[in-house]
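> Quick one: sequence plus predicted model below, questions after.
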Amino acid sequence: MDKIETVLAKQRKTFKDYRHLVITVTKEVCIVNIIKGRLYADKKTMNPIYEPYPTKQEAVDRLTELADELKSKGFSEEPREVLFQIPEKEIYVFDKAKNWDGVLSSKELSDEADEFAREYLNIQNDVYTADDFTNVRAAGLPTIYHVEDSIENYQIIEPVINARYQAWKRLKDSGAASS
């Protein structure tokens with residue numbers, strides 16, 4: 001496995017906004033890892049998404065496109081070490097939800113995230129479905145409520161939801177997704 005990466009950051013008033021762009025090359029696929037986050041004096045947040053590409057060149061082109069777009073928005077390249085100067089205390093969506101009694105409402109989500117969540121969870125039809133969660137984490141348990149609320153379980157389900165989001169976004173961008 002080979003990696004290509006760059007870190008771009010932009011200083012804000014109380015934190016440094018960063019994007020850690022990494023290409024992971026495997027035999028079958030190349031993955032562009034886009035890690036968005038903030039660097040505070042005492043913590044680092046991160047929200048990773050993954051984009052698979054069939055060839056290394058397509059992944060490199062996408063990474064270059066992202067880097068150029070960020071540079072045009074005032075981001076500049078930083079050494080990779082800037083990400084590791086802060087004690088590890090990453091904040092995930094999982095942690096954010098705990099701050100709101102385990103619930104993220106549409107007020108805490110971007111418009112796109114809210115739209116995805118409503119479709120993914122079938123909220124627009126007044127039905128809450130958690131098929132992926134049930135199949136991935138709760139298989140063999142009496143109910144989904146028997147799954148331990150832990151960062152480890154979040155890290156297991158997060159890539160599944162991420163893949164669903166990427167598929168939903170491709171459908172939406174192609175105009176095939178329902179409104």
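Thanks, I have it.

> Now do the contacts for Val160.
Asp132, Val136 (CB atoms under 8 Å, 6 or more residues apart in numbering). For every residue, glycine as well, the C-beta is placed using N, CA and C.

> now swap in Glu78 and tell me
Val7, Leu8, Ala9, Tyr18.

> Mind listing the strands the helix or strand containing His20 pairs with, and their directions?
If you go by DSSP states H and E, His20 is part of strand 16-25. Strand pairing for strand 16-25, using DSSP bridges, gives strand 2-11 (antiparallel), strand 30-39 (antiparallel).

> okay, now Gly37: neighbour count?
Gly37 has 21 neighbours, counted by other CB atoms under 10 Å.

> Look up phi and psi at the residue lying closest to it once chain neighbours are set aside.
Once flanking residues are discounted, Gly37 sits nearest to Met46: 4.0 Å by CB to CB, 6 or more residues apart in numbering. Torsion angles at Met46 (phi, psi; degrees, to the nearest 10) stand at phi -160, psi 150.

> still on that earlier bit, ranking the strands paired with strand 16-25 by burial, who's on top?
Ranked by mean neighbour count under mean count of other CB atoms under 10 Å, the strands paired with strand 16-25 are led by strand 30-39, which reaches a mean of 18.

> gap between it and the chain center?
Centroid displacement of strand 30-39 relative to its chain, using CA atoms, centre = their mean, to the nearest Å, is 8 Å.

> name the helices or strands packed onto the next helix or strand after it?
Where DSSP H and E defines the elements, the next helix or strand beyond strand 30-39 is strand 44-45. In terms of contacts (3 or more CB pairs under 8 Å, 6 or more residues apart in numbering; DSSP states H and E), strand 44-45 is packed against strand 30-39, strand 90-91.
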